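K.L.:
show me how the following folds:
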Amino acid sequence: MDEVARLHFLQDKLRRYNQEYHELDAPTIPDAEYDALYRELVALEARYPDQVGTDSPTQRVGSLELRRNVRLVRHREPMLSLNNGFGFQDLQEFDRRVRTGLGVDEVAYCCEPKFDGLAINLLYREGVLVQGATRGDGEKGEEVTANLMTVKSIPRRMRGSEPWPEWLEVRGEVLMLKKDFERLNERQTRAGERTFVNPRNAAAGALRQLDPAETARRPLVFLAYGVGGGSPEFELPDHQDGLLRWLGTLGFPVAEEVQVVRGESGLRAFFENLSARRASLPYEVDGVVYKVNARIDQQKLGFVTRAPRFALAHKFPAEEALSTVEAIEVQVGRTGTLTPVAHLRPVFVGGVTVTRATLHNDEEIRRKDIRVGDQVWVRRAGDVIPEVVRVVRELRPAGTTAFEMPLTCPVCGSPARRLPEEVSWRCSGGLHCPAQRKQALLHFAGRRAMNVDGLGEKLVDALVERAWVREPADLYRLTLEQWASLPRMARKSAENLVQSLERSKETTLARFLFALGIRQVGERTAHDLALHFVTLEAVMEADETHLQAVADVGPVVAQSLRDFFSAERNRQIIAHLRAQGVHWHENVQESQAVQILAGLTFVLTGTLAHYSREEARNRIEQAGGKVVGSVTRSTHYLVVGRDPGSKVAQARKLDIPVLDEDQWDQLFKEIKA
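P.N.:
Take a look at the predicted model:
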């Protein structure tokens, strides 16, 4: 079966699966198998866009918003992901970073099993469960309250006596015990119904049911692992293990395997112990989560981008399976990186069918001597992209040849180059290359960049294919009639998109820097650059020495910034954007405030009259200060609004200045004077 035939086969098959799932409520395949087939179809349609019709499953399903009868809800506090570790070297590096960040010789950690289930967020008001949602994209998830109400281990009302927090987000995992999973599959077999691949898929499928009665038929359990956020007047326990014990007193089940250890040796011992007991545990786990135990130390360490510095998910050794390399293709990324990818004979690894695996770069291919036709071991660790671990040389067929990286870009034909200090080859075409152009435009319009709502992959594909957009500024030059003429683009949608583009012109320097897609410059680095230099001109003209004065900007990032701003085509792109009206507020006086508030710690309590909690936090952080949740001896100011909690008494006990909103405003005025 050639690729086009396979594409049409998958479209027909997934259309039937969609009808079974969304219309008949009688799915016949596990979610993981469906997802693998769906990803294969997406990849094929990307290679053969002329074969994509409006009735393709990729045009109808694929995001939370498009699922029938699903409501999205925003979490009060984001559900952040964790950085992953895969060996003891990662564990050592994590402990070293934590000790360095805290300036101590040894740290106490709370160690917990990493459940292989579905993360959920439970919102309680005055001790009563009012909402439950999946993790989703971290900011918002699917509202599944009715389904979660059927899980007996989730308390509808907290145990104990008042006072309750006005609101509290309890985080945890919904899963299925191994014994219950086996009984469920036995029941499915006796009933002549499909069996499930693993407990996680069975649990995830249960929560996605449209009828809560169907969820109730599945034996689900809940285990709590933390708190997302709570009303500011309510004081949480000072340590992670104490927080888990406190949740237990409220009626939330927690893992019995939780243990506090000290130092790297304690972490290693816990990991080895749980790994040895993994098969005998009542539920599936795929690793260990380490968290700095003292919550005040967690606040000191803070976060990097979207993950906490104080925690690490240490994965158990990955599952492996044998497959065949059927082809090697080279993909082009947003920054022009050429990445070889192996097309594999489909193989079941870690709960899903894998058909592709990254080969990283040509040096990795040469080191492992991977060739088309080889039998290879494929590894998949959790949600990490599958990779080829090693080749079974004894099974290599005759006539195979070594792989060679192309000397030109497979998309645009521009020369491919590799800098001496890099291992990856890159297309030199820049925005001339459609592959880079499409990804650069999607990145530019992203929610955390310029936040252009409604500009998705299909629209960008159409714009690039018509040669209407060659650089980001071209987006602002298109007329309403041009937008409305694009495929599947109604006039109202075109009007909304034009309005969103107009709104995006007023942005921040941090967002603009991030939107430019500079290599090595992520969201946090862009934010730090904006705070440090205040103006775009200052960033563009800074030499590497001055750039490295910014937190977390080392020689590699500084060189990348200089390379970007030294290129005349990039300066023209910036000039064209500003000519189209893209702007932001630059207040040089704020740079003085940055220097003055640097090192000062604030705590907020109560309801402010003129600022939301997020606005108040941003105001302090943009001036160089730091906002934490608890009053300690290291706190410099407590800012109070209406109905403050017990933090006021704690501040006065520690002789910490307490500022009302007017006094807080006056503090800023004095700083700027």
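K.L.:
name the SS class of the residue nearest to residue 469 when sequence neighbours are not counted, please.
P.N.:
Among residues not flanking residue 469 along the chain, residue 463 sits closest, at 4.2 Å (Cβ to Cβ, 6 or more residues apart in numbering). C-beta: built from backbone N, CA, C; applies to glycine. Here residue 463 is helix, with the state taken from DSSP: H, G, I helix; E, B strand; the rest coil.
K.L.:
distance of residue 463 relative to residue 582?
P.N.:
Distance of residue 463 to residue 582, given as Cβ to Cβ, to the nearest Å: 18 Å.
K.L.:
on that earlier part again, residues near the residue nearest to residue 469, how many?
P.N.:
By other Cβ atoms under 10 Å, 22 other residues sit near residue 463.
K.L.:
right, and it touches residue 445 too?
P.N.:
No - between residue 463 and residue 445 there is no contact under Cβ atoms under 8 Å: 10.8 Å.
K.L.:
now the common contact residues for those two.
P.N.:
residue 475 (Cβ atoms under 8 Å, 6 or more residues apart in numbering).
K.L.:
re earlier: so what's the residue nearest to residue 469 up against?
P.N.:
441, 469, 475, 478, 486.
K.L.:
thought residue 470 was touching the first one, still the case?
P.N.:
No - the criterion here is Cβ under 8 Å, and residue 441 misses it with residue 470 at 9.7 Å.
K.L.:
in terms of neighbours, single out the busier of these two.
P.N.:
A count of neighbours by other Cβ under 10 Å puts residue 441 above the other of residue 441 and residue 470, at 27 against 15.
K.L.:
who's in contact with that one?
P.N.:
Counted by Cβ under 8 Å, 6+ apart, residue 441 has contacts 455, 460, 463-464, 469, 472, 475.
K.L.:
helix, strand or coil for it?
P.N.:
helix.
K.L.:
from residue 85, how far out is it?
P.N.:
34 Å.
K.L.:
what ranges do the strands span in the stretch 551-673 of the chain?
P.N.:
Using DSSP state E, counting those that start in this stretch, the strands found in the stretch 551-673 of the chain span residues 583-584, 601-605, 626-628, 637-640, 658-659.
K.L.:
worst mean pLDDT among those strands?
P.N.:
Note on the strands of the stretch 551-673 of the chain: strand 626-628 shows the lowest mean pLDDT, a mean of 80.
K.L.:
on contacts alone, who are the packing partners of it?
P.N.:
strand 601-605, helix 613-622 (3 or more Cβ pairs under 8 Å, 6 or more residues apart in numbering; DSSP states H and E).
K.L.:
what's the closest of those to residue 256?
P.N.:
Smallest distance to residue 256 across the helices and strands packed on strand 626-628 (Cβ to Cβ): 34.6 Å, for strand 601-605.
K.L.:
so how far is that closest one off the chain centroid?
P.N.:
28 Å (Cα atoms, centre = their mean, to the nearest Å).
K.L.:
so which of the helices and strands packed on strand 626-628 is the most surrounded?
P.N.:
Ranked by mean neighbour count under mean count of other Cβ atoms under 10 Å, those are led by strand 601-605, which reaches a mean of 22.
K.L.:
can you list the strands that that one pairs with?
P.N.:
When pairing is defined by DSSP bridges, strand 601-605 lines up against strand 626-628 (parallel), strand 637-640 (parallel).
K.L.:
who's in contact with residue 222?
P.N.:
120, 148, 151, 153-154, 172-175, 252-253.
K.L.:
who wins for neighbours among those residues?
P.N.:
residue 174 leads those on contacts (other Cβ under 10 Å) with 28 neighbours.
K.L.:
chain center to the helix or strand encompassing that one, what's the gap?
P.N.:
According to DSSP states H and E, residue 174 maps onto strand 167-175. Its chain's average C-alpha position is 18 Å from that of strand 167-175, according to Cα atoms, centre = their mean.
K.L.:
by contact count, what packs against that strand?
P.N.:
Short answer (3+ Cβ pairs under 8 Å, 6+ apart): strand 167-175 packs on strand 118-125, helix 199-207, strand 221-230.
K.L.:
how far away is the residue nearest to residue 231 when sequence neighbours are not counted from residue 640?
P.N.:
Leaving aside its sequence neighbours, residue 231 sits nearest to residue 166 (Cβ to Cβ, 6+ apart; 3.8 Å). Separation of residue 166 from residue 640 (Cβ to Cβ): 16 Å.
K.L.:
compare the two (neighbour count), which wins?
P.N.:
residue 640 (23 against 15).
K.L.:
bridging residues for that one?
P.N.:
The partner residues for residue 640, given DSSP bridges, come to residue 605.
K.L.:
convert the C-alpha atoms of stretch 151-158 to PDB, please.
P.N.:
This file holds the C-alpha atoms of stretch 151-158, laid out as PDB (Å, rounded to 0.1, in the frame of the first residue of the first chain):
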ATOM      1  CA  VAL A 151     -15.400   8.400  41.900                       C
ATOM      2  CA  LYS A 152     -16.100   7.300  45.500                       C
ATOM      3  CA  SER A 153     -12.600   8.200  46.800                       C
ATOM      4  CA  ILE A 154     -13.100  11.900  45.800                       C
ATOM      5  CA  PRO A 155     -14.900  13.600  48.800                       C
ATOM      6  CA  ARG A 156     -17.800  15.700  47.800                       C
ATOM      7  CA  ARG A 157     -17.400  17.600  51.100                       C
ATOM      8  CA  MET A 158     -14.100  17.900  53.000                       C
END
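K.L.:
which residues sit against stretch 426-439?
P.N.:
331-338, 409, 411-419, 440, 457, 460-461, 464-465, 469-471, 569, 573.
K.L.:
that stretch: end-to-end distance?
P.N.:
Terminal residues of stretch 426-439 lie 15 Å apart, using Cα to Cα, to the nearest Å.
K.L.:
which residues does residue 380 bridge with?
P.N.:
According to DSSP bridges, beta-bridge pairing links residue 380 with residue 319.
K.L.:
and whatever helix or strand residue 537 lives in, what other elements does it pack with?
P.N.:
Using DSSP H and E, residue 537 sits in helix 536-541. Packing contacts for helix 536-541, counted by 3+ Cβ pairs under 8 Å, 6+ apart, involve helix 509-515, helix 523-533, helix 555-566, helix 568-579.
K.L.:
reformat the ones you listed as a markdown table; add distance to residue 398, mean pLDDT and mean neighbour count.
P.N.:
Formatted as a markdown table, the helices and strands packed on helix 536-541 follow (distance: least, Cβ to Cβ, whole Å; pLDDT from 0 to 100; neighbours: other Cβ atoms under 10 Å):
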| stretch | distance to residue 398 | mean pLDDT | mean neighbour count |
| --- | --- | --- | --- |
| helix 509-515 | 51 | 93 | 22 |
| helix 523-533 | 50 | 86 | 20 |
| helix 555-566 | 44 | 88 | 16 |
| helix 568-579 | 49 | 92 | 14 |
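K.L.:
possible to save the ones you listed as TSV with distance to residue 357?
P.N.:
Listed next are these as TSV, based on distance: least, Cβ to Cβ, whole Å:
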stretch	distance to residue 357
helix 509-515	30
helix 523-533	28
helix 555-566	27
helix 568-579	34
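K.L.:
measure residue 105 to residue 239 for me?
P.N.:
For residue 105, the distance to residue 239 - Cβ to Cβ - is 19 Å.
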